[in-house]
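[1] After the sequence you'll find the predicted model.
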Amino acid sequence: MLDRRTFFLEGSAAVALIALLRSIDGAQAEPAATPSADFDAAFNALVGKATPQDAGLTLDLPDSVENGDYVPVALAVASPMTADDHVTAVHLLSTANPRAEVATFRFTLLSGKAQVTSRMRLAKTQDVVAVAELSGGRILVARRKVDVKVGGCGI
């Protein structure tokens, strides 16, 4: 039988060891889920045969969230928003949610800037992909992995 002092010391050592293991980079990170067929269909419908560019679209998400019910997201496209060069839409997709299409944000010349902040739900650790459609047919893509501890889509 353990006395209180021994129990406290051993329990404290165990808590310290767990905290140390959690602080090591990559100890908690799980691999992103394999993209679903729904994501592949949605992405291909948006991009088509265009060659997407990786520059010009900023997707700001936390690297890790405790709860997938509330994940803040910010999107911004570097665009002069003129008649000849402007953003028409930005689509937010998730690779492993029950529905891949999370949101679509439409812009006009009166928008002034092509940026938006919102929140989304994520079912599990996965990649979040943003696709921006620009006038003239250009497509921009940004991708970020988010490590989700507790899913937020009822899964």
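    Yes, it's here.
[2] Wait, residue 82 touches residue 112, no?
    No - judged on CB atoms under 8 Å, residue 82 makes no contact with residue 112 at a distance of 11.1 Å. No exception for glycine: its C-beta is placed from N, CA and C like everyone else's.
[3] how near is residue 42 to residue 80?
    28 Å (CB to CB, to the nearest Å).
[4] quick one, which of those two is more surrounded?
    More neighbours surround residue 42 than the other of residue 42 and residue 80, with 22 against 10 (other CB atoms under 10 Å).
[5] how deep is the spatially closest residue to the more buried one that is not a sequence neighbour tucked in, by neighbour count?
    Using CB to CB, 6 or more residues apart in numbering and skipping residues adjacent in sequence, the residue nearest residue 42 is residue 100, 4.4 Å away. Residue 100 has 21 neighbours, counted by other CB under 10 Å.
[6] So residue 84 belongs to a helix, correct?
    No - according to DSSP: H, G, I helix; E, B strand; the rest coil, residue 84 belongs to no helix; its state is coil.
[7] any idea what sits nearest it, other than its immediate chain neighbours?
    Sequence neighbours aside, residue 135 is the residue nearest to residue 84 in space, at 7.0 Å (criterion: CB to CB, 6+ apart).
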